[in-house]
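Visitor: The following block contains a protein sequence and its predicted model.
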Amino acid sequence: MELRKHPEQSRFELVRDSEVIGLIDYVELGDVWDLPHTWVDPVYRGRGLSQRLIEFALEDARAAGVSVRPTCPAIAQYIAKHDAYADLVEK
């Protein structure tokens, strides 16, 4: 499986055999990325793939030096459980 950023579509993707099986949409708002939606194909749920995708997106935000607005409940819950990402949340 491959994790990749697809800036032309403003999303992060989880790809298996050239098929997108998971994604996180993002909206660039200056130095803040709004993260409104996470999706993983139901066939692949329960395998921790959304966590890998969320970590990938958050690490990319950190590398880009931006804050995040976790409007997606799954991302907000992930950050609440993982203090290492709390500093990324928009203040």
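Guide: Nice, I can see it. Values in this document were obtained by computation on a predicted structure and should not be read as measured data.

Visitor: quick one: the helix or strand hosting V20 to chain centroid distance?
Guide: V20 belongs to strand 19-29 when elements are defined using DSSP states H and E. Taking the mean C-alpha point of strand 19-29 and that of its whole chain, the gap between them comes to 7 Å (Cα atoms, centre = their mean, to the nearest Å).

Visitor: partners of that strand, with directions?
Guide: In its sheet, strand 19-29 lies beside strand 11-16 (antiparallel), strand 32-40 (antiparallel), with partners assigned from DSSP bridges.

Visitor: would you list those in a markdown table and tack on distance to E90?
Guide: Bear in mind the C-beta positions are built from the backbone N, C-alpha and C, glycine included. Putting those into a markdown table (distance: least, Cβ to Cβ, whole Å) gives the following:
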| stretch | distance to E90 |
| --- | --- |
| strand 11-16 | 18 |
| strand 32-40 | 5 |
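
Visitor: Present the ones you listed as CSV; the columns should include mean pLDDT.
Guide: Compiled in CSV, the strands paired with strand 19-29 are given as follows (pLDDT from 0 to 100):
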stretch, mean pLDDT
strand 11-16, 97
strand 32-40, 97
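
Visitor: would TSV of those strands with mean neighbour count and distance to A57 be doable?
Guide: Rendered in TSV, the data for the strands paired with strand 19-29 read as follows (neighbours: other Cβ atoms under 10 Å; distance: least, Cβ to Cβ, whole Å):
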stretch	mean neighbour count	distance to A57
strand 11-16	18	5
strand 32-40	19	7
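
Visitor: So which of these is nearest Y78?
Guide: Y78 lies closest to strand 32-40 among the strands paired with strand 19-29, at 8.9 Å (Cβ to Cβ).

Visitor: now the angle between strand 32-40 and the longest helix along the chain, please.
Guide: The residue-count maximum for a helix in the chain (DSSP state H) belongs to helix 49-64. Interaxial angle, helix 49-64 versus strand 32-40 (axes from the mean of the first three to the mean of the last three Cα atoms, to 10 degrees): 160 degrees.

Visitor: This completes my enquiry, with thanks.
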